[in-house]
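A.B. asks: Prediction below, plus the sequence it came from.
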Amino acid sequence: MEEVRLQKYLANCGIASRRKAEELIVNGKIIVNGKIVTELGTKIKPKVDKVTYNGKEVEEENKHVYILLNKPIGYVTTSKDQFGRDSVIDLVKVKERVVPCRKT
């Protein structure tokens, strides 16, 4: 059984970005197997360990939705822009977690 870092697992589950997941861990908001985890770099076994956030069990979703978008001029390919520019996320209205990527 492969182990993964807790913050990566939380990001893959759509709880938060990796950086935000790190904040949740450090602030004691994540419980693994009934114990509060505050140490970054903690590894878990996704199919074995029970991870809880806000009283609910966290589970990986294997469902992916792909959206092809012809990005208009003036929009940036990011989910949150530090300069407040319009983002492709502003154009896509779905309830699923959206991870923007661009053709290289």
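C.D. replies: Perfect, thanks for sending it. Source: prediction; values computed, not measured. Numbers count the residues shown, from 1 in each chain.
A.B. asks: Could you use CA atoms for every contact and neighbour count after this?
C.D. replies: OK.
A.B. asks: Quick check: can you list the domain ranges of this structure?
C.D. replies: Each structural domain of the chain that the record assigns through automatic domain parsing is listed here as a residue range: 4-57, 63-104.
A.B. asks: Tell me which residues touch Ile44, please.
C.D. replies: With contacts taken as Cα atoms under 8 Å, 6 or more residues apart in numbering, Ile44 has the following neighbours: Glu3, Val4, Arg5, Leu6.
A.B. asks: Am I right that the second one is in contact with Lys47?
C.D. replies: No: look at Val4 against Lys47 with Cα atoms under 8 Å: they stay out of range, at 10.8 Å.
A.B. asks: Settle it for me: which of those two has more neighbours?
C.D. replies: For the pair Val4 and Lys47, the greater number of neighbours falls to Val4 (14 against 11), based on other Cα atoms under 10 Å.
A.B. asks: if I look at that one, how far off is Gly34?
C.D. replies: According to Cα to Cα, to the nearest Å, Val4 stands 18 Å off from Gly34.
A.B. asks: How about Ser79?
C.D. replies: Relative to Gly34, Ser79 is positioned 33 Å away (Cα to Cα).
A.B. asks: More neighbours: these two, which one.
C.D. replies: Ser79 (15 against 11).
A.B. asks: what secondary structure does the residue in the chain sticking out farthest from the centre sit in?
C.D. replies: Among the C-alpha atoms of the chain, the one most distant from their mean position (Cα atoms, centre = their mean) is that of Ile73, at 27.3 Å. Secondary structure state of Ile73, per DSSP: H, G, I helix; E, B strand; the rest coil, is coil.
A.B. asks: could you dump the lengthiest helix in the chain to PDB, C-alpha only?
C.D. replies: Within the chain, and with DSSP state H defining each element, the longest helix by residue count is helix 18-26. Output of helix 18-26 as PDB, limited to C-alpha atoms (Å, rounded to 0.1, in the frame of the first residue of the first chain):
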ATOM      1  CA  ARG A  18      -1.700  21.900  -0.900                       C
ATOM      2  CA  ARG A  19      -0.700  25.100   0.800                       C
ATOM      3  CA  LYS A  20      -4.100  25.600   2.400                       C
ATOM      4  CA  ALA A  21      -4.100  22.000   3.400                       C
ATOM      5  CA  GLU A  22      -0.800  22.600   5.200                       C
ATOM      6  CA  GLU A  23      -2.400  25.400   7.100                       C
ATOM      7  CA  LEU A  24      -5.300  23.100   8.100                       C
ATOM      8  CA  ILE A  25      -2.800  20.500   9.300                       C
ATOM      9  CA  VAL A  26      -0.700  23.000  11.300                       C
END
